[in-house]
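Asker: okay, structure incoming, though there's no sequence with it:
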């Protein structure tokens with residue numbers, strides 16, 4: 001069950017045009033990440049009243065979609081830009097915005113099944129009033145995997161007109177490995193676990209987060225070991241056998257002694273989960289997209305991300321200094337109990353992030369931008385959690401000072417997708 005009692009911006013703003021925002025599921029979205037974005041997105045797709053009011057005033061105003069016509073964001077392809085005819089056609093329809101919330105710890109396949117049920121209920125609610133018996137999906141992060149699995153692996157495509165993906169970890173992200181080995185960073189880490197001892201037992205039994213791991217398509221060598229006189233890069237071919245199901249090497253994903261209760265039984269359950277839920281989900285989804293797919297992603301060096309990770313050997317510590325390390329860092333390194341450290345054969349290794357461009361969670365290398373089904377792509381400077389933030393990260397570099405390029409791209413993509421629907 002997902003709690004739908006969350007805060008909602010302007011619950012009655014849509015009047016009698018649509019059911020209330022709470023009835024449309026807005027309360028199940030995390031307010032800090034989505035509250036204002038949902039309100040702005042609904043407004044940008046519902047400001048048709050401006051056109052009616054223009055008949056009664058001298059100064060003609062424009063809807064958001066009219067303002068976006070002919071405007072290019074950055075160096076994207078020209079065919080992604082809205083034409084005047086497309087904008088006019090887009091004004092022929094209404095766009096009630098519904099929200100589907102799900103438990104991110106459960107398998108994305110299970111969430112996809114629930115999404116299918118929810119879509120069926122929404123379409124039933126509007127029966128007899130639809131221009132087309134389909135929905136347009138707008139996804140964030142893992143939600144993109146949920147939507148694609150429903151669309152491409154569960155015959156859901158017949159119910160979907162198109163999908164707009166935001167910061168989707170398409171090929172997986174090494175950040176999922178880092179999270180398992182060292183815990184989460186920042187404020188999120190305080191909530192869900194800031195070291196392996198706290199977080200690994202939870203993630204090891206949670207298919208959803210494990211399905212964010214890099215799949216075979218991510219490629220080899222994203223996990224590196226740099227020691228004195230030796231270097232190693234994994235995986236060579238198979239990340240599942242070499243890293244995720246590895247039971248003995250110190251750099252393995254899951255450490256059996258950190259699991260709960262009967263650790264042997266838990267390990268066997270974890271192995272089955274990797275093979276049955278994780279590998280199957282990742283590999284069966286690889287390369288599959290809805291025929292009308294539009295996506296944006298973060299590509300800024302200001303949001304350092306984990307294109308690869310390196311276990312780097314650190315100098316051995318003199319015995320006399322070991323106790324002092326608990327209070328005073330030596331050589332600028334954290335104390336040995338730091339969650340980023342591991343030990344092997346008398347050597348100390350620290351896990352180092354690559355700091356490559358991305359959104360802070362999903363690196364650029366996790367994004368596939370070329371496919372016959374991918375119609376439009378935008379690389380922007382957003383961070384992962386705030387991907388749908390209303391305000392631009394850098395006003396001087398955005399098309400509009402009061403609206404992020406990502407939200408503009410989302411609205412424009414919706415209008416592009418709806419061109420498939422005949423005029424009523």
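Answerer: Received, thanks. Note that the structure is predicted; figures quoted are calculated from it, not measured.
Asker: what's near enough to touch the most centrally placed residue in the chain?
Answerer: Geometric centre of the chain, nearest residue: residue 141, 1.2 Å, by C-alpha atoms, centre = their mean. Residue 141 sits next to 166, 167, 168, 169, 361, 362, 384, 387 when contact means C-beta atoms under 8 Å, 6 or more residues apart in numbering. Bear in mind the C-beta positions are built from the backbone N, C-alpha and C, glycine included.
Asker: by neighbour count, which of the residues you listed wins?
Answerer: Highest neighbour count within those, by other C-beta atoms under 10 Å: residue 167, with 31 neighbours.
Asker: show the pLDDT at the residue nearest to the centre of the chain.
Answerer: Predicted confidence (pLDDT) at residue 141: the value is 97.
Asker: then the one 10 residues further on?
Answerer: According to the predicted model, the pLDDT of residue 151 comes to 98.
Asker: in which helix or strand does it reside?
Answerer: In this assignment (DSSP states H and E), residue 151 forms part of helix 142-153.
Asker: what sits up against that helix?
Answerer: Counting by C-beta under 8 Å, 6+ apart, 102, 104, 108-109, 111-113, 115-116, 119, 137, 139, 156-157, 160, 163, 165-166, 168-170, 208, 211-212, 281, 284-285, 288-290, 295 sit against helix 142-153.
Asker: for residue 383, helix, strand, or coil?
Answerer: coil (DSSP: H, G, I helix; E, B strand; the rest coil).
Asker: pull the number of nearby residues for it.
Answerer: Neighbour tally, residue 383, other C-beta under 10 Å: 18.
Asker: show me what contacts it?
Answerer: Here residue 383 is in contact with 298, 300, 303, 359, 360, 393 (criterion: C-beta under 8 Å, 6+ apart).
Asker: now for those residues: which two are most distant?
Answerer: Maximum pairwise distance in these, criterion C-beta to C-beta, is 11.5 Å, between 360 and 393.
Asker: picking up where we left off before, what's the closest of the contacts of residue 383 to residue 249?
Answerer: The nearest member of those to residue 249, counting by C-beta to C-beta, is residue 360 at 28.4 Å.
Asker: surely residue 412 forms part of a helix?
Answerer: Yes: counting by three-state DSSP, one finds residue 412 located in a helix.
Asker: give me the distance between it and residue 167.
Answerer: Remark: distance between residue 412 and residue 167 (C-beta to C-beta, to the nearest Å) = 17 Å.
Asker: again with residue 117
Answerer: Plainly put, residue 117 is 26 Å away from residue 167 if you go by C-beta to C-beta.
Asker: go through this protein and flag its longest helix.
Answerer: Longest helix of the chain, by residue count under DSSP state H: helix 108-125.
Asker: residues in contact with the next helix or strand after that one?
Answerer: Counting by DSSP H and E, the next helix or strand C-terminal to helix 108-125 is strand 135-140. Residues from elsewhere that reach strand 135-140, judged by C-beta under 8 Å, 6+ apart: 33-34, 41, 95, 98, 119, 122-123, 146-147, 151, 159-168, 387-388, 410, 414, 417-418.
Asker: still on that earlier bit, how far off helix 108-125 does the helix holding residue 151 point, in degrees?
Answerer: 80 degrees (axes from the mean of the first three to the mean of the last three C-alpha atoms, to 10 degrees).
Asker: buried residues in helix 142-153, which are they?
Answerer: Buried residues in helix 142-153, counted by 16 or more other C-beta atoms under 10 Å: 142, 143, 144, 145, 146, 147, 148, 149, 150, 151, 152.
Asker: cool, and stretch 16-30?
Answerer: Going by 16+ other C-beta under 10 Å, stretch 16-30 has these buried residues: 18, 21, 22, 24, 25, 26, 27, 28, 29.
Asker: show me what the longest helix of the chain is packed against.
Answerer: Other elements packing on helix 108-125 under the criterion 3 or more C-beta pairs under 8 Å, 6 or more residues apart in numbering; DSSP states H and E are strand 135-140, helix 142-153, helix 207-210.
Asker: quick one: contacts of that helix?
Answerer: For helix 108-125, using C-beta under 8 Å, 6+ apart, the contacting residues are 19, 98, 100, 102-103, 130, 133-135, 142, 145-147, 149-150, 153-154, 156, 159-160, 207-208, 211, 277, 281.
Asker: try stretch 350-359
Answerer: Identification of contacts with stretch 350-359 by C-beta under 8 Å, 6+ apart yields 167, 174, 178, 181-182, 297-301, 303-312, 314, 333, 338, 340-342, 363-366, 382-384, 387.
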